[in-house]
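3D model of this:
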Amino acid sequence: MLKQRTIKSLVHAIGIGVHSGEKVRMTLRPAEANTGIVFSRSDLGAAANKVAALAELVADTTLSTSIADGVTQVAPVEHLMSALWGLGIDNLLIELSAEEVPIMDGSAAPFIKMINSSGIVEQPAPKQFLRITREVKVTQGDAFALLRPYAGFKAGYTFVADHQVYDQYPKHASIDFSSTSYVEDVSGARSFGLIDELPQAQAINKCLGSSLDNAVGIDDSGVLNDGGLRYEDEFVKHKLLDVIGDLYLLGRPILGEFVGYMSGHALNNKLARAVMRCDDAWDCVGFTVAEPGRAKPILHPEASNAV
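Predicted coordinates for the structure are as follows:
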C-alpha cells in the first residue's frame, strides 16, 4: 500500500513577499494523516486563521493563485503546492507571519530543499489519487486547459508570446513524470516577465518585491539574469510548475494527462472546479504494491466523489 506522507520535523524559512515586498516568516509543521495541506496566519491570532489548500477556496488569480476562507487569505500558493506534489507530501501545516508565502528564488527548488532538510515520513493511512475517467476541458478565448485519462501523470503545455526573446526558446514541453524527475527537470524553473511590464503590475500593488533575485527578467536585448536560464525551456517549464501547483489544490495528486495552451492561474482553477463538478469525470483510488516495482490500483471503500 502506498501511504500518505508528511515532513519529519518542523522547519523555518524567511523571505520576502513578491507582491508586498515585505519580509515574511514561514514554518512548515508535520500534520496528521488525512489533514491535507492547511495554511495558517500567525498575524491574525488564533481564531479563524486557517485556510485549506483547496481549489474551491481560490479567491484571486491575478498574477498568482490566492486562497481565502473568511478573513484568512494566502498567496501565492502555487510554487509551494507544486513542490509538495513533487515530493508526495499529503499532509502539512504551513504557518505564515503575513499574507504571502515567501517567493524565495521564484521557483519551487528552495521549497524542495527546505522539505528535504526536514525529512519525509510515511503515515499509517493509504495515499489517495484523483483518477481522471473522462476528458474535461475549459476554454477562454484561444486558451484552453484539459484533463483526460492517462495511466500515470503527464503534462504538456504550449506557451506563445509576442516578443522576440520568447521566440528564441522552446514554446512547448510535454513531460511524463513516470520517466522524468520533477525535482531535477522542473522544480528549478523560475517566474519570468518583461521588465517594461513591471510598472503596470506595481501600479495595482503587485510584484512590489519582484527582482532578478526571484524572477527571470527580460527586455529587448534578452535575459537579464547573470547566468541566463537554468533550462533552455525554462519559460514553458515554469508554466508546467504552476499548473502542477494549481491542480494540487484538488486535494489529491492526479492520475491523468493535462494539456494546456496559454492557460494561466484563472483557467487552471476553472479546470479544477469543472472537474469537481463532474462526478462522472473522476474517482478516488489508492495503490497496493502487488510485487516489487509494480503497483496495482484499488478503490478504497472510503473513497467518494468529495474532494
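
going forward, measure contacts and count neighbours with C-alpha atoms only.
OK.

give me the neighbour count for residue 172.
When counting by other C-alpha atoms under 10 Å, one arrives at 16 neighbours for residue 172.

you'd agree it is up against residue 158?
Yes: Residue 172 lies in contact with residue 158 (C-alpha atoms under 8 Å); the separation is 4.3 Å.

please enumerate the shared neighbours of these two.
residue 236 (C-alpha atoms under 8 Å, 6 or more residues apart in numbering).

let me see the backbone angles for residue 236.
Torsion angles at residue 236 (phi, psi; degrees, to the nearest 10) stand at phi -70, psi -30.

what's the end-to-end length of stretch 72-84?
Length of stretch 72-84, first residue to last, C-alpha to C-alpha, to the nearest Å: 21 Å.

correction: the previous question concerned stretch 57-71.
Taking C-alpha to C-alpha, stretch 57-71 runs 12 Å from one end to the other.

got the buried residues for that stretch?
Going by neighbour count (16 or more other C-alpha atoms under 10 Å), the buried part of stretch 57-71 is 57, 58, 60, 61, 64, 65, 66, 67, 68.

pLDDT score for the closest residue to the fifth one other than its chain neighbours?
To tie it back to what came earlier, the one meant is residue 64. Spatially, and ignoring its direct neighbours in sequence, residue 64 is nearest to residue 76 (5.4 Å; C-alpha to C-alpha, 6 or more residues apart in numbering). pLDDT recorded at residue 76 is 97.

now residue 300
pLDDT, residue 300: 33.

secondary structure class for the one residue sitting closest to the centre of the chain?
Nearest to the geometric centre of the chain sits residue 245, at 1.2 Å (C-alpha atoms, centre = their mean). Counting by DSSP: H, G, I helix; E, B strand; the rest coil, the backbone at residue 245 sits in helix.

in space, what's closest to it - neighbours in sequence excluded?
Residue 245 sits nearest to residue 82 (C-alpha to C-alpha, 6+ apart), 3.8 Å away.

so the one you found is in contact with residue 240, correct?
No: Residue 82 is beyond contact range of residue 240, at 9.4 Å (criterion: C-alpha under 8 Å).

next, count neighbours for the nearest residue to residue 222 once chain neighbours are set aside.
Excluding the flanking residues, the one nearest residue 222 by C-alpha to C-alpha, 6+ apart is residue 165, at 5.6 Å. The tally of other residues near residue 165 (other C-alpha under 10 Å) stands at 15.

state the distance from residue 165 to residue 234.
From residue 165 over to residue 234 (counting by C-alpha to C-alpha), the distance is 13 Å.

residues near residue 233, how many?
17.

the stretch 101-250 of the chain: strands as residue ranges?
With strands called from DSSP state E, counting those that start in this stretch, the stretch 101-250 of the chain shows them at 120-126, 129-132, 136-140, 143-148, 153-158, 172-176, 192-194, 216-219, 222-223.

which of these sits most buried?
Ranked by mean neighbour count under mean count of other C-alpha atoms under 10 Å, the strands of the stretch 101-250 of the chain are led by strand 129-132, which reaches a mean of 22.

what pairs with that strand, parallel or antiparallel?
strand 254-261 (parallel), strand 282-291 (antiparallel) (DSSP bridges).

would you single out the least confident of the ones you listed?
strand 282-291 (a mean of 76).

among the buried residues of stretch 57-71, which are in helices?
Among the buried residues of stretch 57-71, no residue falls in helices (DSSP state H).

coming back round to it: next, format the strands of the stretch 101-250 of the chain as a markdown table and append distance to residue 252 and mean pLDDT.
As requested, the strands of the stretch 101-250 of the chain are arranged in a markdown table below (distance: least, C-alpha to C-alpha, whole Å; pLDDT from 0 to 100):
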| stretch | distance to residue 252 | mean pLDDT |
| --- | --- | --- |
| strand 120-126 | 12 | 97 |
| strand 129-132 | 5 | 97 |
| strand 136-140 | 17 | 98 |
| strand 143-148 | 14 | 98 |
| strand 153-158 | 12 | 98 |
| strand 172-176 | 18 | 97 |
| strand 192-194 | 28 | 96 |
| strand 216-219 | 30 | 97 |
| strand 222-223 | 36 | 96 |
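
would a markdown table of the ones you listed with distance to residue 43 be doable?
Below are the strands of the stretch 101-250 of the chain laid out as a markdown table (distance: least, C-alpha to C-alpha, whole Å):
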| stretch | distance to residue 43 |
| --- | --- |
| strand 120-126 | 28 |
| strand 129-132 | 34 |
| strand 136-140 | 37 |
| strand 143-148 | 36 |
| strand 153-158 | 37 |
| strand 172-176 | 39 |
| strand 192-194 | 30 |
| strand 216-219 | 31 |
| strand 222-223 | 38 |
